[in-house]
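Enquirer: Fold the following and give me the result.
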Amino acid sequence: TKDDGEIERRNYLLAHATERFSDDRFFLAEAFNARVELRNGSAAAAVVKQMMQQFPNDLEPLYYGMKLAILGSQPRSYATFRKLAILKGFPRHLLLVLDAAFEVMCNHKTESYFCFEEAKKASPGRDYYTTALEYILRDFIEGDEERAKRARSVFLTSVDQYCMQALRIRE
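Expert: Model prediction:
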């Protein structure tokens, strides 16, 4: 149904699947992504809560919680999930790049630059990625409004894909 674009049927099947198979990572991740696509933050937050109950020691639900807070530019929620992530041993370099993404989504240009510089310092050996990301960040900081808007989107998409890969979260 995802490929067919049948939103109502997809939501129905995901609701049924997450109820019946409440501990299935695939269905929970699909439900989260579907809620985010539909811009239903409260439903996405409910999925994150369910994931945290089912997988209390995993980093995946924490990542989804931080991602949701970043998308919604919610500082309190982001700080809460970030603290939990630190306690659970979330990789520092990923936290720092997520901090930069949060500042980008909040449209804080100066803060995003400083966060990104910290992320670069914590990511030795990842120059292949940080260099490319830095170019995107510069477009966000120095570009006109339209260019900055596109750079924000690309920055977040790139950081999301990078974190998903680093945390070995299937998409």
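Enquirer: rest of the way, CA atoms for contacts and neighbours
Expert: OK.
Enquirer: per-residue confidence averaged over the helix or strand containing Tyr128?
Expert: Taking DSSP states H and E as the criterion, the element that holds Tyr128 is helix 127-142. In this model, helix 127-142 has a mean pLDDT of 93.
Enquirer: what does stretch 54-72 give?
Expert: Mean predicted confidence for stretch 54-72 is 96.
Enquirer: Equivalent analysis for stretch 34-49, please.
Expert: Taken as a whole, stretch 34-49 has a mean pLDDT of 93.
Enquirer: and it, how far apart are its ends?
Expert: 16 Å (C-alpha to C-alpha, to the nearest Å).
Enquirer: which helices and strands sit right next to the helix holding Tyr128?
Expert: Identification of packing neighbours for helix 127-142 by 3 or more C-alpha pairs under 8 Å, 6 or more residues apart in numbering; DSSP states H and E yields helix 109-121, helix 145-166.
Enquirer: Other residues contacting that helix?
Expert: 104, 109-110, 113, 116, 120, 147-152, 154-155, 158 (C-alpha atoms under 8 Å, 6 or more residues apart in numbering).
Enquirer: Could you figure out how far it is turned away from helix 145-166?
Expert: Angle of helix 127-142 versus helix 145-166, following axes from the mean of the first three to the mean of the last three C-alpha atoms, to 10 degrees, is 150 degrees.
Enquirer: Just want to check the distance between the residue nearest in space to the middle of the chain and Asp144.
Expert: With distances taken as C-alpha atoms, centre = their mean, the residue of the chain nearest its centroid is Lys67 (2.8 Å). Separation of Lys67 from Asp144 (C-alpha to C-alpha) stands at 26 Å.
Enquirer: and if you look at His93?
Expert: Going from His93 to Asp144 by C-alpha to C-alpha gives 29 Å.
Enquirer: Just list the residues touching the residue lying farthest from the centre of the chain, thanks.
Expert: Among residues of the chain, the one most distant from the C-alpha centroid is Arg20; the distance is 26.2 Å, by C-alpha atoms, centre = their mean. If a contact means C-alpha under 8 Å, 6+ apart, then Arg20 has no contacts.
Enquirer: which residues touch Tyr78?
Expert: Counted by C-alpha under 8 Å, 6+ apart, Tyr78 has contacts 65-66, 69-70.
Enquirer: Sitting in helices, which of these do you find?
Expert: Of the contacts of Tyr78, the ones assigned to helices by DSSP state H are 65-66, 69-70.
Enquirer: Just send those residues back as a markdown table, with neighbour count too.
Expert: Listed next are those as a markdown table, based on neighbours: other C-alpha atoms under 10 Å:
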| residue | neighbour count |
| --- | --- |
| Gly65 | 26 |
| Met66 | 26 |
| Ala69 | 22 |
| Ile70 | 23 |
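Enquirer: which of those sit farthest apart?
Expert: Gly65 and Ile70 (8.6 Å; C-alpha to C-alpha).
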